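Peer 1: Quick one: sequence and predicted model below, then my questions.
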Number of protein chains: 4
Amino acid sequence: MVIVMEEMASEEQIASVIDKLVRLGFDIHRSTGVRHTVLGAVGGRIVDTRDIELLEGVKEVHRISAPYKLASRAFKPDGTKIKIKDVTIGGEEVILMAGPCTIESRDQVMTIAEIAARNGAKILRGGAFKPRTSPYSFQGLGEEGLKYMRQAADRFDMLVISEVMEPSQIPLFIRYVDILQIGARNMQNFNLLREIGRLNKPILLKRGPAATIEETLLAAEYIMSGGNHEVLLCERGIRTFEPYLRNTFDVSAIPVFKKLSHLPVVADPSHATGRRDKVAPVAQAAVAAGADALLIEVHHDPENALCDGAQSLLPEQLEQLAHRLRLIAEAVDRHMASGVSETVSQ
Amino acid sequence: MVIVMEEMASEEQIASVIDKLVRLGFDIHRSTGVRHTVLGAVGGRIVDTRDIELLEGVKEVHRISAPYKLASRAFKPDGTKIKIKDVTIGGEEVILMAGPCTIESRDQVMTIAEIAARNGAKILRGGAFKPRTSPYSFQGLGEEGLKYMRQAADRFDMLVISEVMEPSQIPLFIRYVDILQIGARNMQNFNLLREIGRLNKPILLKRGPAATIEETLLAAEYIMSGGNHEVLLCERGIRTFEPYLRNTFDVSAIPVFKKLSHLPVVADPSHATGRRDKVAPVAQAAVAAGADALLIEVHHDPENALCDGAQSLLPEQLEQLAHRLRLIAEAVDRHMASGVSETVSQ
Amino acid sequence: MVIVMEEMASEEQIASVIDKLVRLGFDIHRSTGVRHTVLGAVGGRIVDTRDIELLEGVKEVHRISAPYKLASRAFKPDGTKIKIKDVTIGGEEVILMAGPCTIESRDQVMTIAEIAARNGAKILRGGAFKPRTSPYSFQGLGEEGLKYMRQAADRFDMLVISEVMEPSQIPLFIRYVDILQIGARNMQNFNLLREIGRLNKPILLKRGPAATIEETLLAAEYIMSGGNHEVLLCERGIRTFEPYLRNTFDVSAIPVFKKLSHLPVVADPSHATGRRDKVAPVAQAAVAAGADALLIEVHHDPENALCDGAQSLLPEQLEQLAHRLRLIAEAVDRHMASGVSETVSQ
Amino acid sequence: MVIVMEEMASEEQIASVIDKLVRLGFDIHRSTGVRHTVLGAVGGRIVDTRDIELLEGVKEVHRISAPYKLASRAFKPDGTKIKIKDVTIGGEEVILMAGPCTIESRDQVMTIAEIAARNGAKILRGGAFKPRTSPYSFQGLGEEGLKYMRQAADRFDMLVISEVMEPSQIPLFIRYVDILQIGARNMQNFNLLREIGRLNKPILLKRGPAATIEETLLAAEYIMSGGNHEVLLCERGIRTFEPYLRNTFDVSAIPVFKKLSHLPVVADPSHATGRRDKVAPVAQAAVAAGADALLIEVHHDPENALCDGAQSLLPEQLEQLAHRLRLIAEAVDRHMASGVSETVSQ
């Protein structure tokens, strides 16, 4: 912590600040400049910097070390690769996660899983619990939905990712899914973060629409401090003054996350844009900017989808996009799997 | 819903949009302008406007009716007064809710409750469960904390408000508190909203730091649709690009909430500013702008507070503030109770 | 400047950073902590901190001293009072500036000036040059408008404030107005700031809708560095994600400006809200939060106003507001002039 | 314009709104729904929708037609190609504009122009007038700078783009440059927009950091309404709550601009990120998302650059980036010129 004193700070005030810091266990280095006295405080317990800021004669307080450690790049300079069965996220391959917004029926998820697999997706996404803004809307199939996803994923040799909403749902989820997703609204639900921090399952953590990059890393740290180090960071758009699309996809967050942290970074262009016709350009941008994986909604009949049909790609759109993504991945010295249509068609 | 067609929309496209809307149960009124054809769609079930927006030839779609009804001013033009025991929120009196950030001990809450009551506070605030950003921080006293609050409130003839974090905590809370607070991070936790919507207890709903006024009213609607109509809206600052204070207190949200909704409006200057020295001016502004109640943190020893000491007023600051608030309340044709020191000192 | 080195920074990297800083004229204080080495750099010329941030091994760079000096509270701890004729801004009196959005005719400005004066306004506001978003809209009366304002102000014993758009207009303005207003869009028009910095006339500087408090103080500094120290800071709303009103009035900016700077603070609720029915609550909030003056639009016939009629108060609304403002001013230990109807009616 | 009346609006109120609209020249279509009466108003002159919104009984007002016409995609569905000498912007080729932040000397611009040309840049960028935040900073070489740019561009067969700050500079600029740049701070400087709207020179219009997509198109419309239809839209980052980088590059604005408008879209990753190490990923993202051109800062000796060295690429970084950009351009069915090193080295 670095404390900058006011120009007019008295010796008494400076002494009083030093005294307080020493009591908190800090070692103090004092630098007396022409205009300001600067105190470097090292060691000591974590303090609310505002408490120091409000002391008489203090001008500004700067934290020195990032408040996250396990999530920081320094902790693991080479980057984390998360290996689940035969899929590795965070390596050279860019991974496609695709599927419907919500699981509607066994047939629906089978149809869509085939489409996803055919286009190279290795992970099947889908919602089983959908607490909606209207209490009258479809709320998801629950466990049945998870079961269908598992079956579809197994059939097409994919992994399963789905969003867990509450600690009480965890036992159910670990039976069916390979990656637990924490939604943007739950990014700072510390009860939930604590529980999943004790699991031995990878977590995809979505950045909240009003969360800074640092706050997202702090939430990852919270999970990791429980022992679960397999966290995927997910950029899905932030809230800004620009009203045209649902959110503003923060493309530069991708390289910033990669610099500050060793964790893999996933992009969700479907939720960021909220509109099918904007998903492809943003997905392309994300891979070009260095994303390790993409989370994309697709539906064979979006007009009749029970949820977010407007942001689901049509099968032919996914195909065209996947083709472009493979070329872009190569342009940035990575690669992306092509589809497995031959296997599937047998 | 009003659908504006593109200038170049063909008759076929227009017919196809009308056809889709009719199938969704809408009555259509068509207006053909010089440049645009406009379709008014009345009745029908709730649709995702994006689904219509993505149809060929459609330029824009506007929802007509607000997506909330029970929370709208039209539903109850005279405004809602919430009466709890002998306290009425939403009437002419401006109500002060004050107390510590978190309950630390029986003595602490007694001391602070007396300070609050002495300055006219009718409701005692305090946190019993504190899921903190660091797993090593103080997590609150839990039920014990609620018990202490109840005792202190009863002693000084106050009501109790405290934040409930999860559905599983509800049974505990209804035993001890008079108003359940939903924190800003839980504003769109629909599981929690559903559960408290079934209660017969007033709810204070905090606006999320990235939530629009409309989204806040939708969350209130969600609670009310469960049968619980006693909802207090609370402005506590929004996230903007301005970094100096923790959040930007949206003072004009107060008159906007009052215009759009019949629900009482509470202001929380402590969380909005995050700094003791900015709480008073913002509290004063809130009453001047029409707030029905204030939620303010106070501590007799903030330097040693276990939580958010930096934003807690000192007792003498609360006293000066309460005095000013009474004058401001009168300036806007309302009133605010003065302290009850005589009663307390007996 | 405080430079925090990465945990893994090598001695060589540290030496190289020190070397660079010494070449830039800084004195270096080095503190070696358990995890980080911290360098305090004092003296030296102004540098772009990003240049240091990009050096190998550097983790973070913090500026120590505020980049503004003349505008800082430290420069003049007692606060600045700007005295123009018999009006003092920044003292105990809260000053009302009122008038039409734009000067439309001699009669119009006379009528409105009388209304303003009758309600205690001491300064007449009005636009003479109105570069509008549409090239077909009314562009203002130009010099004629300034002349009419001067006449009206003289008749009712008021001062004149009006917005100057370009350096070339300055000679004209200094002939007619008492305070030059710099609009929010021009807050960082450094050519214009440089020119008005050479004048001997008070300046009202509007905060840009996307400008931080610090950037606003830097713009004030720019003016003051030219020799003109009579600057009024004006909060007029910032751009946020909340769409209901035109801008979000940042009420806490008022006490923050007062803490960081010695300059008087003006609030403009008319432009912040953009709607007549929200002007009064925000004006009241501004005075309650400590504003030294208000800038308010009023029109006797807003339906037919040539500009921004929707945000102009009706005469009777101004009267009611002025009455409340006087009571609020007193509640915060200040005062506000009542009207001068008797003088005027003679 | 569509006017939605309050549920409780009386017949009298409805009649009064219709009456007002008819007087303003509108044709009215009335739809009476179960809950709301909706009025469609067609024709009529441009009105401030707030004036209608404030009428008794009115709930909401929606504008129907976009307030821009010349800039809208409907005006020119095939898209605009701007051809300057042998360079076409808005066609299949993605154009690279590169150069220093500011022109420092003849040697500097020659050196950098060669680097730019060698990497395929067809347009040389550089600032000649630099009104800086500090009055003591380097203010640019002025006309001399423009001359050097012209010489360098001619030598390497490039075009010249440079920022014009004021109407008075225009005659100078048209003598030396091929494209006039309007900076983000001047996006709504209507005096300047009016003047350049009369020219016969292409304009690059930067989106303001707090400007919506629609406001940017309105500024383009302003220029075009003067007769100059050759406008390039430039995304350069917007201001959000995320503090890590200078601005948040709004990558999805690229496909949105392309959908709403026929004008070519340029991306400026240098100003958006403000840091050299983030320029490449954002540049790559912009091309992947459909940008027609890039504006990139490069310097052979950024440590000693007089301006914004921190965001200037090193020559070898530009080379690597240009290589990747060519591959990405091809991935999205476009192409980008490779360097002309052979020509230059003669």
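Peer 2: Right, received. Where do you want to start? Numbering: from 1, shown residues only, chains lettered A, B, ... in the order given.
Peer 1: can stretch A:278-292 be found next to chain B?
Peer 2: No. Stretch A:278-292 lies apart from chain B when judged by C-beta under 8 Å from any C-beta of the partner chain; the minimum separation is 10.7 Å. Every C-beta, even on glycine, is put in place using the N, C-alpha and C of the backbone.
Peer 1: can you tell me how far A:I14 sits from B:A331?
Peer 2: Separation of A:I14 from B:A331 (C-beta to C-beta, to the nearest Å) stands at 43 Å.
Peer 1: swap that for A:K122, please
Peer 2: Distance of A:K122 to B:A331, given as C-beta to C-beta: 65 Å.
Peer 1: neighbour-wise, which of those two wins?
Peer 2: Ranked by neighbour count (other C-beta atoms under 10 Å in any protein chain shown), A:K122 and B:A331 place A:K122 first, with 26 against 22.
Peer 1: Quick check: closest non-adjacent residue to that one.
Peer 2: Nearest non-adjacent residue to A:K122, counting by C-beta to C-beta, 6 or more residues apart in numbering or on different chains: A:V87, 4.9 Å away.
Peer 1: Look at the one you found and say how many residues are nearby.
Peer 2: Look at A:V87: counted by other C-beta under 10 Å, it has 20 neighbours.
Peer 1: The lengthiest helix in chain A versus helix D:315-331: what angle between them?
Peer 2: Longest helix in chain A by number of residues (criterion: DSSP state H): helix A:315-331. Calculated by axes from the mean of the first three to the mean of the last three C-alpha atoms, to 10 degrees, helix A:315-331 forms an angle of 150 degrees with helix D:315-331.
Peer 1: what distance separates whatever helix or strand comes next after helix A:315-331 from the centre of its chain?
Peer 2: Later in the chain than helix A:315-331, the nearest helix or strand by DSSP states H and E is strand A:335-336. Computed by C-alpha atoms, centre = their mean, to the nearest Å, the separation of strand A:335-336 from the middle of its chain amounts to 21 Å.
Peer 1: what are the pairing partners of strand A:335-336, and which direction each?
Peer 2: strand A:93-99 (parallel) (DSSP bridges).
Peer 1: what sits against the residue in the stretch 151-300 of chain A that chain B sits nearest to?
Peer 2: With C-beta to the nearest C-beta, the shortest gap between the stretch 151-300 of chain A and chain B falls at A:A210, namely 3.1 Å. Neighbouring residues of A:A210 by C-beta atoms under 8 Å, 6 or more residues apart in numbering or on different chains: A:I238, A:R239, B:G208, B:P209, B:A210, B:R239, D:F241.
Peer 1: and it, which of the three is it?
Peer 2: Each residue gets one of three states, and A:A210 gets coil by DSSP: H, G, I helix; E, B strand; the rest coil.
Peer 1: quick one: the strands in the stretch 151-300 of chain A?
Peer 2: A:159-163, A:179-182, A:203-206, A:231-235, A:265-267, A:293-297 (DSSP state E, counting those that start in this stretch).
Peer 1: which one of those strands lies closest to B:L172?
Peer 2: strand A:179-182 (25.7 Å; C-beta to C-beta).
Peer 1: for the closest one, packing partners?
Peer 2: Packed against strand A:179-182 by the contact rule (3 or more C-beta pairs under 8 Å, 6 or more residues apart in numbering or on different chains; DSSP states H and E) you find strand A:159-163, helix A:170-176, helix A:190-196, strand A:203-206.
Peer 1: got the residues of chain A near chain D?
Peer 2: Residues of chain A found near chain D (C-beta under 8 Å from any C-beta) are A:210, A:212-214, A:238, A:240-245, A:248-256, A:259, A:272-273, A:277-278, A:281-282, A:284-290, A:324, A:327-328, A:330-332.
Peer 1: if we can go back for a sec, wait, the residue nearest to A:K122 touches A:V160, no?
Peer 2: No. The pair A:V87 and A:V160 does not pass the contact test of C-beta atoms under 8 Å, sitting 11.3 Å apart.
Peer 1: Spell out which residues are contacts of both of the two.
Peer 2: With C-beta under 8 Å, 6+ apart, A:V87 and A:V160 have common neighbours A:I123.
Peer 1: who in chain A is up against chain C?
Peer 2: By C-beta under 8 Å from any C-beta, the residues of chain A that approach chain C are A:2, A:4, A:6-8, A:27, A:29, A:31, A:33-36, A:38, A:40, A:42-43, A:60, A:62, A:64-65, A:74, A:77, A:239-241, A:243.
Peer 1: do that again at 7 Å, thanks
Peer 2: Taking C-beta under 7 Å from any C-beta of the partner chain, the part of chain A that reaches chain C is made up of A:2, A:4, A:6-8, A:29, A:31, A:33-36, A:38, A:40, A:42-43, A:62, A:64-65, A:74, A:239-241, A:243.
Peer 1: per-residue confidence at the closest residue to A:P264 other than its chain neighbours?
Peer 2: The shortest distance from A:P264 to any non-neighbouring residue, by C-beta to C-beta, 6+ apart, is to A:G90 (3.5 Å). A:G90 carries a pLDDT value of 97.
Peer 1: can you check A:S345 too?
Peer 2: Each residue has a pLDDT score; the one for A:S345 is 40.
Peer 1: With adjacent residues omitted, what lies nearest to A:G183?
Peer 2: A:G183 sits nearest to A:E163 (C-beta to C-beta, 6+ apart), 5.1 Å away.
Peer 1: Tell me where chain A has helices.
Peer 2: Using DSSP H, helices in chain A cover A:11-23, A:49-53, A:106-118, A:143-155, A:170-176, A:190-196, A:213-224, A:253-260, A:269-273, A:276-288, A:315-331, A:341-344.
Peer 1: quick revisit: could I get the strands of the stretch 151-300 of chain A as JSON lines with mean neighbour count and mean pLDDT?
Peer 2: Shown next, in JSON lines, are these (neighbours: other C-beta atoms under 10 Å in any protein chain shown; pLDDT from 0 to 100):
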{"stretch": "strand A:159-163", "mean neighbour count": "24", "mean pLDDT": "97"}
{"stretch": "strand A:179-182", "mean neighbour count": "24", "mean pLDDT": "98"}
{"stretch": "strand A:203-206", "mean neighbour count": "26", "mean pLDDT": "98"}
{"stretch": "strand A:231-235", "mean neighbour count": "27", "mean pLDDT": "98"}
{"stretch": "strand A:265-267", "mean neighbour count": "27", "mean pLDDT": "98"}
{"stretch": "strand A:293-297", "mean neighbour count": "28", "mean pLDDT": "97"}
